[in-house]
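> Here's my sequence, what's the structure:
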Amino acid sequence: MELPRWAPADIDLQRPNAARVYDYLLGGASNFEIDRVFAHKLLEHAPEAASVLQQNRAFLARAVRFCVEQGIRQFLDLGSGIPTVGNVHEIAQRLAPECRVVYVDNEPIAVAHCELMLKHNDNAGAVLADLVDVDAVLDSEPVRQLIDPTQPMAVILAAVLHFVPEEANPYDAVAGYVDAMAPGSFLVLSHGARTGQQRFQTLRRMYDQSSTPAAVRTREEIQAFMIGTEIVEPGVVWTPRWRPEITTGSHPEAEVIYAAVGRKPEVLTIAE
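Alright, predicted model coming up:
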């Protein structure tokens, strides 16, 4: 097939990709037929999937606004995915134009789109890298240019760690970022939950056939990523329940992804 101009020549089109499926379900156009077919199969088994992703996106927006309100002016968005409406830099810079943002993803299309979108934005950049390679990310030119490690920052891991298997040592990677953050920084995280419901077991098997297999975890396993931070209220909760701007009742269809925000304290306290 003839690739669009924004698609890297060496892109793998033999298997669907989670970032492109996510883009399609959010109404984006940076996807291919193989991703759209996968998305429709996904919706057949879980019609609420689009709502789940929209709720996760809404959580991300609320968390970014919260961080800006807390004085954060630099953001590192890991596994940022393909740009769509409501990107971190759009939200942060609307509130504080001086905010600096670096997007990191291992999907070439996501990074290519970021670079196009940020062409005239001196306070934002993109890195093609795997988030588990902490040194490569932190030593990249955009991070060195835009992120001051001596000042508080927000490290964002929104709906990405459930695509990082245990053998890739995701806990060590997250700990590496927390260690690199200055006191007063925030860790923003959302993560797919392990459930015994049959339809979600089917969805997991579907993703196992894609280029981004799923690695969902329990609430306790998800909370363990927050070690080294003090989790702010309301704690580790379903995405619609994290500081909602409007109370609209329960969202049982969205109880699939947990969300949490933690602040790195000035001095770590050791529980007795």
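> Counting neighbours, what do you get for Gly27?
Applying other CB atoms under 10 Å, we find 10 residues neighbouring Gly27. Glycine gets a C-beta too; all of them are placed from N, C-alpha and C.
> where's it relative to Gln151, distance?
Look at Gly27 and Gln151: by CB to CB, to the nearest Å, they are 35 Å apart.
> Quick one: end-to-end length of stretch 225-235, please.
In stretch 225-235, first residue to last residue: 13 Å (CA to CA, to the nearest Å).
> can you pull the buried residues of that stretch?
With burial defined by 16 or more other CB atoms under 10 Å, the residues of stretch 225-235 counted as buried are 225-226, 228-229, 232.
> try stretch 234-247
Of the residues in stretch 234-247, 236-242, 244 count as buried by neighbour count, 16+ other CB under 10 Å.
> can you check stretch 122-130 too?
Residues 123-130 are the ones in stretch 122-130 that count as buried (16+ other CB under 10 Å).
> so for the strand or helix carrying Val155, what's the average pLDDT?
Assigning secondary structure by DSSP states H and E places Val155 in strand 154-158. On average, the pLDDT along strand 154-158 is 97.
> Now the helix or strand following it: average pLDDT?
Toward the C-terminal end, the helix or strand that comes next after strand 154-158 (DSSP H and E) is helix 170-180. Average pLDDT, helix 170-180: 98.
> didn't Val160 look like it was pressed against Leu60?
No - contact criterion CB atoms under 8 Å: Val160 and Leu60 do not qualify, at 11.1 Å.
> How about the contacts made by Val160?
Residues counted as contacts of Val160 (CB atoms under 8 Å, 6 or more residues apart in numbering) are 78-79, 81, 131.
> ok, and the closest non-adjacent residue to Asp148?
Distances taken as CB to CB, 6 or more residues apart in numbering put Gln74 closest to Asp148, at 6.6 Å, once the chain neighbours are dropped.
> Check which helix or strand Val101 maps to.
Using DSSP H and E, the element containing Val101 is strand 100-105.
> what's the angle between that strand and strand 154-158?
Angle, strand 100-105 to strand 154-158, by axes from the mean of the first three to the mean of the last three CA atoms, to 10 degrees: 30 degrees.
> Does anything pack onto strand 100-105? Which helices or strands?
With contacts defined as 3 or more CB pairs under 8 Å, 6 or more residues apart in numbering; DSSP states H and E, strand 100-105 has these neighbours: strand 74-78, helix 88-95, helix 108-117, strand 124-128, helix 141-146.
> Report the angle between the third one and strand 100-105.
Relative orientation of helix 108-117 with respect to strand 100-105: 160 degrees, computed using the same axes, to 10 degrees.
> buried stuff in helix 108-117?
Residues of helix 108-117 classed as buried: 108-115, 117 (neighbour count, 16+ other CB under 10 Å).
> now those as CSV including pLDDT?
Below are the buried residues of helix 108-117 laid out as CSV (pLDDT from 0 to 100):
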residue, pLDDT
Pro108, 84
Ile109, 79
Ala110, 82
Val111, 89
Ala112, 83
His113, 80
Cys114, 86
Glu115, 87
Met117, 83
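> so which of the residues you listed comes closest to Ser190?
Checking the buried residues of helix 108-117 against Ser190 by CB to CB gives Ala110 as the nearest, at 17.3 Å.
> Contacts only, for that closest one.
Neighbour list for Ala110: 19, 30, 80-83, 103 [criterion: CB under 8 Å, 6+ apart].
> Many thanks, have a good one.
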